[in-house]
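Undergrad: kindly generate the corresponding structure for this input.
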Amino acid sequence: MRKVPNIKRVDPLYEQIYHSLEESILTGGIAAGERLIDTRIAAEFGVSRSPVREAFRKLEGDGLLTNHEGIVTVFTPSLQDVLELYQVRVGLESVAAYWAAVHAMADELRRLQDLLGAAERAVAQQQRKEIISLNTQFHELIVSSSRNARLSAMMYHIRSLVRLCRNTIIQQYNRGDSFLSEHYGIYHALQARNPELAAERMQEHMYRDMQYFQQSYLGERESLMKM
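TA: Next up, the predicted model:
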């Protein structure tokens with residue numbers, strides 16, 4: 001049973017409901033394909049339907065909900081959806097790595113190193129939720145270190161879908177610790193202040209992630225068809 005937090009009368013109601021539903025979707029508390037009914041959600045939060053509908057609209061804008069003739073359901077990404085999202089990320093995050101190599105502050109580089117150390121420990125202990133969080137932080141810190149506001153805004157717009165797909169990959173198509181060496185490669189290029197190498201290593205990392213997901217997805221589909 002999903003735990004519904006108490007609503008505070010500080011931030012706008014729809015923002016609080018939006019953040020609560022977003023987190024539930026991204027952590028699996030609300031499953032992909034599940035239908036959301038505004039009256040039921042409103043009753044859970046003890047509010048009217050208006051802020052719930054506003055939260056729904058914002059989640060639709062993020063791509064986390066779909067609305068077909070008034071029936072609202074949680075988005076279930078297809079293979080093509082994931083591949084298209086990766087293609088966008090390859091471009092944006094390679095550019096982010098390029099400019100992060102130029103603009104990253106010393107404390108940001110230290111933070112990246114700390115994240116890598118924490119990720120190693122999380123992998124060793126098989127802490128999947130922690131791996132997901134650290135992976136997200138690593139990529140987002142590189143984007144913010146690029147000092148490119150427009151690029152950051154573009155990444156923010158797709159951040160929920162990126163996180164949803166990243167969670168799916170790590171939880172269902174676990175790469176083990178193979179991503180760590182790629183992250184270290186990116187980090188060392190940033191530390192060396194080599195923009196071209198940083199962009200190249202980020203691009204390679206993103207393509208490997210995309211290829212791994214595609215191969216795992218198709219392999220699982222093929223196995224199911226043989227059953």
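Undergrad: residue 74 and residue 97, how far apart?
TA: 32 Å (C-beta to C-beta, to the nearest Å). Any C-beta I mention is one placed from the backbone N, CA and C, and that applies to glycine too.
Undergrad: then residue 215?
TA: Taken as C-beta to C-beta, the span from residue 215 to residue 97 is 24 Å.
Undergrad: any idea how far residue 177 is from the residue nearest to residue 134 when sequence neighbours are not counted?
TA: Excluding the flanking residues, the one nearest residue 134 by C-beta to C-beta, 6 or more residues apart in numbering is residue 119, at 4.4 Å. Residue 119 sits 9 Å away from residue 177, going by C-beta to C-beta.
Undergrad: same deal with residue 210?
TA: In terms of C-beta to C-beta, residue 210 sits 19 Å off from residue 177.
Undergrad: again, but for residue 58
TA: For residue 58, the distance to residue 177 - C-beta to C-beta - is 36 Å.
Undergrad: ok, those two, which is more surrounded?
TA: For residue 58 and residue 177, the more surrounded residue by other C-beta atoms under 10 Å is residue 58, and the numbers stand at 18 against 13.
Undergrad: you'd agree residue 33 is in a strand?
TA: No. The assignment for residue 33 is coil, going by DSSP: H, G, I helix; E, B strand; the rest coil, so no strand is present there.
Undergrad: the protein - how does it break down into domains?
TA: With domains defined by automatic domain parsing, the chain comprises 13-74, 79-226.
Undergrad: any chance of JSON lines for the ones you listed, columns mean pLDDT?
TA: JSON lines is the format used below for the domains of the chain (pLDDT from 0 to 100):
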{"stretch": "domain 13-74", "mean pLDDT": "94"}
{"stretch": "domain 79-226", "mean pLDDT": "89"}
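Undergrad: let me know the secondary structure of residue 80.
TA: Applying three-state DSSP: residue 80 is helix.
Undergrad: contact partners for it?
TA: Contacts here follow C-beta atoms under 8 Å, 6 or more residues apart in numbering; on that basis residue 80 touches nothing.
Undergrad: so how far is residue 24 from it?
TA: For residue 80, the distance to residue 24 - C-beta to C-beta - is 26 Å.
Undergrad: can you pull up the most central residue in the protein?
TA: Residue closest to the average C-alpha location in the chain (C-alpha atoms, centre = their mean): residue 163, at 1.3 Å.
Undergrad: please report phi then psi for it.
TA: For residue 163, the backbone dihedrals (degrees, to the nearest 10) come out as phi -70, psi -40.
Undergrad: just residue 65 next, same as before
TA: phi -120, psi 150.
Undergrad: list the contacts for it?
TA: Residue 65 neighbours (C-beta under 8 Å, 6+ apart): 36, 56, 59, 72-75.
Undergrad: quick check: the farthest pair among these?
TA: Farthest pair in the contacts of residue 65 (C-beta to C-beta) is 56 and 75. Separation: 12.3 Å.
Undergrad: what about residue 183, distance to residue 38?
TA: 41 Å.
Undergrad: would you agree residue 67 falls within a strand?
TA: Yes. The assignment for residue 67 (three-state DSSP) places it in a strand.
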